[in-house]
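Q: I would like to see how this sequence folds:
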Amino acid sequence: MKKIFNQWVSQWIPPLVLVYLTPSSLRMLTLGFAAGLPLLLVLGTLSFRLREAGVDLSTIGFLSWIGLTYGVKWLWAPLVDQLDLPLLTRFLGRRRAWLLLAQGIVICGLVGMGMVDPQAQLSLLIGYAVMVAFGSATQDIALDAFRIESAHYELQGALAACYQTGYRLAMIWAGAGSLWLASLATQDSVGLEPYNQAGWQTAYFWMAASMLVGSVTIMFSKEPSYTPKPRSPDLKTWLFTTLVAPFKDFYVRFQWRAITILALIATYRISDIVMGIMANPFYVDMGYSKTEIATVSKVYGVVMTLLGAFIGGSLTIRYGIVRILLWGAILSAFSNLLFSWLSFQGHDVSSLIGVISTDNLSAGIASAAFIAYLSSLVNVQYSATQYAVLSSVMLLLPKFLAGFSGVFVQHFGYHYFFIATALMGLPVILLILVLDKQKSVAPFANAK
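A: Model (predicted):
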C-alpha cells in the first residue's frame, strides 16, 4: 500500500514540489519562522513603534545599529560550533541545545520590550532589544549549522526556500501581526494614531509566545547525523580548531577569489537593508494606519513572499544560483525605485499594495538564492562558524550605513533616499557578473 501511495504521489506531484514536502523541509519551515520573528521586533516594527511614540528619525536611524549584533556574531560563533552546553547537550545534542537556549533568551527579551514604555524608559527598551538581538543572532548561528548539516548541498536550495518562507512568514507576523495586535487598543483607523503602550505590550507578549513554535520543533527534531568532532582535551589544538581552522579552510579553498566572494556577500542585501529601516517610519509619515499596513502586508505580502521564495528555491535547482542571484539583485533595486514613486502618491492603499507585493516577491527570490549560495560555500566541518562569518559580512556594511538613514531622510526626503538605496544595487550586479566569469560560485551554481 505504501509503495502504491508513493507511486501515486510521484505521478501526480512534480519532483520540484515533492522536495518541499520532506520532513527536513517542513522542519526548516517552522525553524525559519523562529529565526525570522525577532528581527523586525528589534528593527522595523520597533522603528514604527518609536516613530509613533514621537522619537525623531535620526534617533531611529542610529538605533538600527542594534542590528549590528547580527554582524558580529562570528565573535562567538566558534563557541556555538564547538562548545557543549552542560546538561542540554547531553539530552538534545549540540545544535538543538544551543537553539533552545537562544530561543529562551529571545523570549525573555521580548517580554521585557513589551513591558517598557519608550516614552519613559527608552534606554531600558534598547537594553532589552540588544538582548533579543543577541539571542536571535545566537539562534541563527546554531540554526544555519543545523540546516547545512541536515541535507546534501544539492538540496540546500529547497531547504533555503523553506527556511526563507518560514522566515518571511514570521517577519509578516512580527510586522503586520504586531501592528494589528497593537491597533486593537486604539480607536483611530486612519492617519497618525496616538501611541498606546498597552497595545504594544500585548503585541510583544504575543510575539514572545509565538517563539514557542521553534522550541516545540526543536524538541521533536533529531540532531543532524553529522556534527563537528568533539573538542580535543589539548587546549592548544582545540583553540586552533575552533578559532583558526575555519578561516584557514575558507582561504585555502578559494584563495584570491575569496576577496570578490566576500565583496559580493558584503553588498548583496545592501539595498533592502538600508531601505528597510525607514520603511515603517515612511508609512507613519504618509498617514497609513497600523491596521492598513497590517492588512496589506498580511494579505498581499504573504502571497508574494511565499511565491518569491518558492520560485527562487526552484529556479536555483533548475538554472543554478548565479542566474537567480543576478535577477534577485536587479529586482531588489527596482522595487526600491517603486517606493520612491509611492512617496508622491499620498495616502493611496492601492499603490501601497502594488509596491509591497513587488518588494516581497523580489526579496523572496533574492533571499532564497543568496542563502543557498552562502550554504554552498561552507565546509560542513566548520558549518556554524563559517556561515556565521559569511552572514555577518553580509550585514556589517548595510547595517552601518542604515544607521545614517534617518539623517539622510531629514535632509533630502524619502524620495531621494529610496533612489539612493536603489543605486546601491548597481555594484552588486557588476560583482555577480565578475564572479560568474571567475567561476567563484558554488559547485552547483553553474549547473544547467
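Q: can we go C-alpha only for contacts and neighbour counts from here?
A: Fine.
Q: how much space between Gln201 and Thr45?
A: 13 Å (C-alpha to C-alpha, to the nearest Å).
Q: correction: the previous question concerned Leu99.
A: 24 Å.
Q: more neighbours, these two?
A: Leu99 (27 against 24; other C-alpha atoms under 10 Å).
Q: quick one: residues contacting the more buried one.
A: Counting by C-alpha atoms under 8 Å, 6 or more residues apart in numbering, Leu99 makes contact with 138-139, 142-143, 218.
Q: among these, name the ones in helices.
A: Under the assignment DSSP state H, these contribute 138-139, 142-143, 218 to helices.
Q: Lys73 against Ala388, yeah?
A: Yes - if you go by C-alpha atoms under 8 Å, Lys73 and Ala388 touch, sitting 6.4 Å apart.
Q: between the two, what contacts are shared?
A: Ile141.
Q: please identify which of these two sits among more neighbours.
A: Ala388 (31 against 22).
Q: any idea of the pLDDT on that one?
A: If you check Ala388, the pLDDT there is 76.
Q: got it, and Leu235?
A: 64.
Q: do Ala151 as well
A: So, for Ala151, pLDDT stands at 63.
Q: equivalent analysis for Val441, please.
A: pLDDT at Val441 comes out at 49.
Q: Lys3 now?
A: So, for Lys3, pLDDT stands at 53.
Q: please apply the same query to the one 4 residues further on.
A: Residue-level confidence at Gln7 comes out at 52, pLDDT.
Q: against which helices or strands is whichever strand or helix holds Gly127 packed?
A: Per DSSP states H and E, Gly127 falls inside helix 122-150. With contacts taken as 3 or more C-alpha pairs under 8 Å, 6 or more residues apart in numbering; DSSP states H and E, helix 122-150 sits against helix 23-42, helix 68-71, helix 77-82, helix 94-115, helix 383-402.
Q: the helix or strand hosting Val322 - contacts with which helices or strands?
A: For Val322, the host element (DSSP H and E) is helix 321-342. Secondary-structure packing of helix 321-342 (3+ C-alpha pairs under 8 Å, 6+ apart): helix 270-285, helix 302-319, helix 349-376, helix 405-423, helix 426-438.
Q: list the buried residues of the first one.
A: Judged by neighbour count using 16 or more other C-alpha atoms under 10 Å, the buried positions of helix 270-285 are 270-284.
Q: and what of the last one?
A: Of the residues in helix 426-438, those buried under the neighbour-count criterion (16+ other C-alpha under 10 Å) are 426, 428-429, 431-432, 435-436.
Q: do the same with the third one
A: Judged by neighbour count (16+ other C-alpha under 10 Å), helix 349-376 contains these buried residues: 351-353, 355-376.
Q: from the contact counts, what lies against it?
A: For helix 349-376, the packing partners by 3+ C-alpha pairs under 8 Å, 6+ apart are helix 156-172, helix 290-296, helix 302-319, helix 321-342, helix 383-402.
Q: who wins for proximity to Thr237 among these?
A: Across the helices and strands packed on helix 349-376, Thr237 has its closest neighbour in helix 383-402 (16.7 Å, C-alpha to C-alpha).
Q: okay, angle between that closest one and helix 94-115 too, please.
A: Between helix 383-402 and helix 94-115, the angle comes out at 30 degrees (axes from the mean of the first three to the mean of the last three C-alpha atoms, to 10 degrees).
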